[in-house]
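K.L.:
Got a predicted model here, sequence first, then my questions.
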Amino acid sequence: MLDIESLKAQFTAQFSGAPQLFSAPGRVNLIGEHTDYNEGFVLPMAIERRTYIAGRKNSTSRLRVKSLTLGETVEVDLARPGTPRRGSWVDFVEGTARALLDRKFPVVGSDLLLDSNVPHGAGLSASAALELALGIALVSLAGETDPDRVQLALAGQAAEHQYVGTLCGIMDQYIAALGERDAALLIDCRSLEPRRVPLRLGTARVLVCDTKVKHELSSSEYNVRRAECERGVSILSEALPGLRSLRDVSLADFTTHSSRLPDVIRRRCLHVVTENARTLAAAEALSEGELGRVGQLMMESHASLRDDYQVSCEELDVAAAVAAAQPGVYGSRMTGGGFGGCTVTLVEEGAVPQVEQAVKGAFLARGWREPELFATTACEGARRH
Ligand code: GLA
């Protein structure tokens, strides 16, 4: 946890007055990857790393936002029309504020001081943590004490689409908004209904491994994958009239009709169809405390992302395989969009040091940067402190 008292004191020194404090978490996805924009299922949890905001109304039409992690201040005048895609973090601030206003949330001129311990660019959704911390702070400072959290999440996603220029799904913003202590959420990305799945881990832990790599391909290939899924839906709908998304394709239907698809599209669709089934099965197994089964589904998810969806990379494959080979590990997989970022491993607490040593050793032996591993519990979503 960051030093909240120090953040408040720094706010007062910087802007004057006593601030209110807000925060929102990063996330790790246990399973259900690249299913959210196919209206399918995901099973993320909010992690202990958070973005904090100290803020206060300033009686002007301007947002003045200083980031302690970046050492920069940005300003947005709410009285003027917005400017999308300026290519800096002002896009997150302006995009979130405008998307909140579009959804009829109140937003007023405010001074905000940000600090965060969600690693940037590591695939733990530092962006969604920022959007949701901004969202809860801005609407609360403007007088809305119990905002609709799904709408806050949708505002964060709209900021990505319209201002930042990333065509993400809803998973990251949703879990940053609605995450719960000691539970993952099984999110139906069509209805936007959550189901709380208690983390019945016993003596096991959720271990995150940040590979510290981010390959160039990540955002362009993300959009390519989305388009490939849409193409699959369009071809399959010739045989399955009324088909709206891959969410509606059963494995049986897929097997019957997949010969219509070009090979690459067939593999992308196969991943999504099977990943949805794995995610539902993993939620069931997790709520029964059947960690062996959860781990097995995680490994199958990784293989499918690596071989059919093709969004993994060597570092993620090594991190997952080396972890999975250690005694006490139930399963390990890449998490998030891919092409770098993190893996998530389900492991007995006593085996954590051995996993850490083995993965670090494997990376150093290949001349790669040392990865960072940390265990995390599931935490609550965006909140006022
Ligand atoms: C990124 C996106 C999410 C989701 C994942 C892949 O994190 O922001 O919406 O699509 O990739 O599961």
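P.N.:
Yep, it's here. Owing to the predicted nature of the structure, the values given are computational and were not obtained by experimental measurement.
K.L.:
where does the stretch 101-250 of the chain come near the ligand, residue by residue?
P.N.:
Cys168, Gly169, Met171, Asp172 (CB under 6 Å from any ligand atom). Where you see a C-beta, it was placed from the backbone N, CA and C, and this is true even at glycine.
K.L.:
And the helices in the stretch 201-350 of the chain?
P.N.:
218-239, 251-257, 263-287, 291-307, 314-324 (DSSP state H, counting those that start in this stretch).
K.L.:
Let me fix that, I meant to ask about the stretch 51-200 of the chain.
P.N.:
90-102, 126-141, 149-159, 171-178.
K.L.:
how about these in TSV, adding mean pLDDT and mean neighbour count?
P.N.:
Below are the helices of the stretch 51-200 of the chain laid out as TSV (pLDDT from 0 to 100; neighbours: other CB atoms under 10 Å):
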stretch	mean pLDDT	mean neighbour count
helix 90-102	98	23
helix 126-141	98	28
helix 149-159	98	24
helix 171-178	98	29
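K.L.:
So out of everything in the stretch 201-350 of the chain, what residue is nearest the ligand?
P.N.:
Gly337 (3.3 Å; CB to the nearest ligand atom).
K.L.:
I should have written the stretch 1-150 of the chain there, sorry.
P.N.:
Closest residue of the stretch 1-150 of the chain to the ligand, CB to the nearest ligand atom: Glu33 (4.0 Å).
K.L.:
mind listing what's buried in stretch 378-385?
P.N.:
For stretch 378-385, a neighbour-count test (16 or more other CB atoms under 10 Å) marks Ala378, Cys379, Glu380, Gly381, Ala382, Arg383 as buried.
K.L.:
Tell me the spacing between the first one and Arg195.
P.N.:
Counting by CB to CB, to the nearest Å, the gap from Ala378 to Arg195 is 14 Å.
K.L.:
Which residue lies closest in space to Asn38, excluding its sequence neighbours?
P.N.:
Leu246 (4.3 Å; CB to CB, 6 or more residues apart in numbering).
K.L.:
With Val118 instead?
P.N.:
Gly26 (3.8 Å).
K.L.:
The host helix or strand of the one you found to helix 171-178, inter-axis angle?
P.N.:
Counting by DSSP states H and E, the element that carries Gly26 is strand 20-29. Angle between the axes of strand 20-29 and helix 171-178 is 140 degrees (criterion: axes from the mean of the first three to the mean of the last three CA atoms, to 10 degrees).
K.L.:
Quick one: distance of strand 20-29 to the chain centre.
P.N.:
Strand 20-29 has its C-alpha centroid displaced from the chain centroid by 11 Å (CA atoms, centre = their mean, to the nearest Å).
K.L.:
Can you list the strands that that strand pairs with?
P.N.:
strand 44-57 (antiparallel), strand 383-384 (antiparallel) (DSSP bridges).
K.L.:
what ranges of the stretch 201-350 of the chain fall below the confidence cut-off?
P.N.:
Of all residues in the stretch 201-350 of the chain, none has pLDDT under 70.
K.L.:
rerun at 90
P.N.:
Low-confidence segments of the stretch 201-350 of the chain (pLDDT under 90): 214-220.
K.L.:
Pull out the buried positions in stretch 41-57.
P.N.:
41-56.
K.L.:
Would you mind extracting the C-alpha trace of it into CSV?
P.N.:
Provided in CSV are the C-alpha atoms of stretch 41-57 (Å, rounded to 0.1, in the frame of the first residue of the first chain):
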residue,chain,number,x,y,z
PHE,A,41,-16.8,-15.1,-20.2
VAL,A,42,-13.8,-13.9,-18.2
LEU,A,43,-12.7,-14.7,-14.6
PRO,A,44,-10.5,-11.9,-13.3
MET,A,45,-9.7,-10.6,-9.8
ALA,A,46,-8.6,-7.2,-8.6
ILE,A,47,-5.0,-7.3,-7.2
GLU,A,48,-3.3,-5.6,-4.3
ARG,A,49,-1.6,-3.0,-6.5
ARG,A,50,-3.7,0.2,-6.9
THR,A,51,-3.7,3.7,-8.3
TYR,A,52,-4.5,6.3,-5.7
ILE,A,53,-5.9,9.8,-6.2
ALA,A,54,-6.0,12.7,-3.7
GLY,A,55,-8.5,15.2,-5.0
ARG,A,56,-10.5,18.4,-4.3
LYS,A,57,-12.9,20.6,-6.3
